[in-house]
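S.K.: Turn this into a model:
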Amino acid sequence: MTIFLSMNTEFKSKEILRLFDENIYPHIIGDLQILDTIQPETHVVCCTVPTAMLLLGSLDFIGYLLRQTASLDDTEGNIRSVLENRKYFPPVYGPEVIRTLIAFYRGGIMHSFYPRQTIKDIYGIHKSQNAILLETISIEGYTILSLNINVISSDFKNFVHTLYAEIKSTSDTQLLDNIYNSFKRIYPKSLTTMPTTTNLTTIPYGVLHKK
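M.R.: Residues are numbered from 1 along each chain as shown. You can find the predicted model right below:
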């Protein structure tokens, strides 16, 4: 029984690492690294919103994978579960910051391209070399709370690297079960596929499975 459990854990670990190697690293991290090169000092525009879309959408997806009982419809719970975990993200991601990221940034840009606004508060999004996640910026007499995409991008990449290293060395069967089973719920045919981004099209995981 112990040998079976060990083999099962090793199998799941290898399959999950393949998911990272063949999909998450080349597609999510790969795209992010390209977007990170687009900075105000080198380009007319910074692709701040597309970068934020990638980051917040990926946090939603990976947060879903890490939860034992989760739904892709529970965006708030998925993102919150990751950002609250101090093993993965620094303390600057406190309750109010997480609420702002979900309610005004993720909820806004995924539905209307721009961050949501309130009657009294203005939310912006930018890239700067300052190591401040949410900066207060004054423009024409208005005070704007602006998300620095460079900071959350760096923190996200550190999170993925930390999680990958954890998967490689862990004996935590619950972590492996969560990722493996959560992925299987949405893509039951295959955990990984051949690379899915080509010069022709990008398709979901598990579509090009062997028949």
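
S.K.: Can you check the pLDDT for E135?
M.R.: On pLDDT, E135 comes in at 89.

S.K.: number of nearby residues for it?
M.R.: 15 (other C-beta atoms under 10 Å). Any C-beta I mention is one placed from the backbone N, CA and C, and that applies to glycine too.

S.K.: That one: what secondary structure?
M.R.: strand (DSSP: H, G, I helix; E, B strand; the rest coil).

S.K.: beta partners of it?
M.R.: For E135, the residues forming beta bridges with it (DSSP bridges) are S146.

S.K.: tell me the contacts of it?
M.R.: Contacts for E135 (C-beta atoms under 8 Å, 6 or more residues apart in numbering) come out as H126, S128, L145, S146, N148.

S.K.: and the closest residue to L83 other than its chain neighbours, backbone torsions?
M.R.: If the residues on either side of it in the chain are set aside, L83 comes closest to Y93, at 4.4 Å by C-beta to C-beta, 6 or more residues apart in numbering. In terms of degrees, to the nearest 10, the main-chain angles of Y93 are phi -90, psi 70.

S.K.: Which pLDDT value does the model give I203?
M.R.: 55.

S.K.: before we move on, what about H111?
M.R.: Value for H111, per-residue pLDDT: 84.

S.K.: what's the spacing between it and N181?
M.R.: 30 Å (C-beta to C-beta, to the nearest Å).

S.K.: between those two, which one's more packed in?
M.R.: A direct count of neighbours by other C-beta under 10 Å for H111 and N181 places N181 higher, at 14 against 9.

S.K.: picking up where we left off before, could you pick out the buried ones from the contacts of E135?
M.R.: Neighbour counting over those (16 or more other C-beta atoms under 10 Å) leaves H126, S128, S146, N148 as the buried ones.

S.K.: I figured the second one was touching N150, is that so?
M.R.: Yes: using C-beta atoms under 8 Å, S128 is in contact with N150, at 6.5 Å.

S.K.: Tell me where the chain has helices.
M.R.: 2-19, 30-36, 48-66, 75-83, 95-100, 107-112, 149-169, 173-186 (DSSP state H).

S.K.: That'll do, ta.
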